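Asks: what follows is a predicted protein model with its sequence.
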Amino acid sequence: MTENNGGFTDLVGTEISSTEEGRAAVSLQAEERHLNPSGAVHGGVISTLIDAAMAEALNTMTEEDEQPFTIQITVNYMKPGKPGSLTSTAEVRKGGERVTIVEAEVVQEDDDEVVALATGTYTPVG
């Protein structure tokens, strides 16, 4: 397991659960501070969890001097997230010289329900 480098991920509370070539899982213990006024996990928190998982999946495949740059992330929210453990699992689906596609999902761990599905498009910078 890799540790976070601080900054925004520490502020939000994400933790890298696992990484392997082209894949990563990042978890978050959703607490009251992560909720919107309706009591559901804020969409921005779920999007951040997805972004962190996609970045970690990409990091398993990039050269040391390369830094993938996000072109677009599309998130489809399937149901409201609840307080408790959420995990985003990301997988690099298509890597290329100019564009890389990554897919991810977020699962509510206590009932194994999919909360969100996402696709990200990245380009290498380096």
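Replies: Perfect, thanks for sending it.

Asks: pLDDT below threshold where in the chain?
Replies: 1-6, 126 (pLDDT under 70).

Asks: just give me the longest helix of it.
Replies: helix 43-59 (DSSP state H).

Asks: residue contacts, the residue nearest the centre of the chain?
Replies: Closest residue to the average C-alpha location of the chain: Ile50 at 2.2 Å, with Cα atoms, centre = their mean. For Ile50, the contact set (Cβ atoms under 8 Å, 6 or more residues apart in numbering) comprises 73, 75, 88, 90, 104, 106, 116, 118, 120. All C-beta atoms are positioned from the backbone trio N, CA, C, and that covers glycine.

Asks: now do it against Val92, distance only.
Replies: 14 Å (Cβ to Cβ, to the nearest Å).

Asks: what residues sit buried inside stretch 45-61?
Replies: Of the residues in stretch 45-61, 45-58 count as buried by neighbour count, 16 or more other Cβ atoms under 10 Å.

Asks: what's the answer for stretch 29-40, then?
Replies: 30, 34-35, 40.

Asks: rebuild the residues you listed as TSV, extending it with secondary structure.
Replies: Putting the buried residues of stretch 29-40 into TSV (DSSP: H, G, I helix; E, B strand; the rest coil) gives the following:
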residue	secondary structure
Ala30	strand
His34	helix
Leu35	strand
Ala40	coil
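
Asks: distance to Val12 for those - can I get that in CSV?
Replies: Shown next, in CSV, are the buried residues of stretch 29-40 (distance: Cβ to Cβ, whole Å):
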residue, distance to Val12
Ala30, 10
His34, 8
Leu35, 13
Ala40, 16
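
Asks: could you pull out the helices for this structure?
Replies: Using DSSP H, helices in the chain cover 8-12, 43-59.

Asks: kindly reformat these as JSON lines containing distance to Pro124.
Replies: Below are those laid out as JSON lines (distance: least, Cβ to Cβ, whole Å):
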{"stretch": "helix 8-12", "distance to Pro124": "22"}
{"stretch": "helix 43-59", "distance to Pro124": "9"}
